[in-house]
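*Asks:* I'd like to go over a predicted model; first the sequence, then the structure.
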Amino acid sequence: MSTLSCVYIDVVCSLYRKAPLEKRDRDNYTPLLMAAYSGHAESLDTLLKKGADYEVVDKNDKTAVYLAAEEDKLEALKVTATGVYR
C-alpha cells in the first residue's frame, strides 16, 4: 500500500473514531502535517473542513504549508495555502 493510501486511511479512521484532530504521532506529526508532508490534498481538505488547526507546527516548527512546499507537493500546497481543494 502506498504512503498516500495509508495517510488517507489514517485520516478517515481518525475522523470515524472522532479522534482529536491535533493528536500527535510518535514523530510529533498531526494528521494535517502528515497529509501535507505526504501530499494528500484530499485528506488536507477533509481535515481543514473538520476544523484542524492549519497553524500547527512539527518539532522543527514547520507548518503544513512549509512541509508541502519543501516536499514539492503542489496540490497539497494549494490546499494548505488557500484552504480550497480543486
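*Replies:* Cool, got the structure. Numbering: from 1, shown residues only.
*Asks:* show me where this structure has helices.
*Replies:* 3-16, 31-38, 41-49, 64-70, 74-82 (DSSP state H).
*Asks:* so for this structure, the centremost residue is which one?
*Replies:* Leu32 (2.4 Å; CA atoms, centre = their mean).
*Asks:* does it touch Tyr54 like I think?
*Replies:* Yes. Counting by CB atoms under 8 Å, Tyr54 is a contact partner of Leu32 at 6.9 Å. (Each C-beta comes from the backbone N, C-alpha and C, glycine too.)
*Asks:* so what sits against both of the two?
*Replies:* 48, 64 (CB atoms under 8 Å, 6 or more residues apart in numbering).
*Asks:* flag the shaky bits of the protein, pLDDT-wise.
*Replies:* 1-19, 84, 86 (pLDDT under 70).
*Asks:* most tightly surrounded among the helices of the chain?
*Replies:* Comparing the helices of the chain by mean neighbour count (mean count of other CB atoms under 10 Å), helix 31-38 comes out on top with a mean of 27.
*Asks:* of all the helices of the chain, which lies closest to Glu22?
*Replies:* With distances scored as CB to CB, the stretch of the helices of the chain nearest to Glu22 is helix 31-38 (8.2 Å).
*Asks:* how much distance is there from that closest one to the middle of the chain?
*Replies:* Centre-to-centre, helix 31-38 and its host chain are 3 Å apart (CA atoms, centre = their mean, to the nearest Å).
*Asks:* what's the angle from it to helix 74-82?
*Replies:* If you take axes from the mean of the first three to the mean of the last three CA atoms, to 10 degrees, helix 31-38 sits at 140 degrees to helix 74-82.
*Asks:* could you dump helix 31-38 to PDB, C-alpha only?
*Replies:* Extracted as PDB, the C-alpha positions of helix 31-38 are listed here (Å, rounded to 0.1, in the frame of the first residue of the first chain):
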ATOM      1  CA  PRO A  31      -2.900  14.200  10.700                       C
ATOM      2  CA  LEU A  32      -2.700  17.600   8.900                       C
ATOM      3  CA  LEU A  33       1.100  17.700   9.000                       C
ATOM      4  CA  MET A  34       1.300  14.100   7.800                       C
ATOM      5  CA  ALA A  35      -1.100  14.800   4.900                       C
ATOM      6  CA  ALA A  36       0.800  17.900   3.900                       C
ATOM      7  CA  TYR A  37       4.100  16.100   4.000                       C
ATOM      8  CA  SER A  38       2.700  13.200   2.000                       C
END
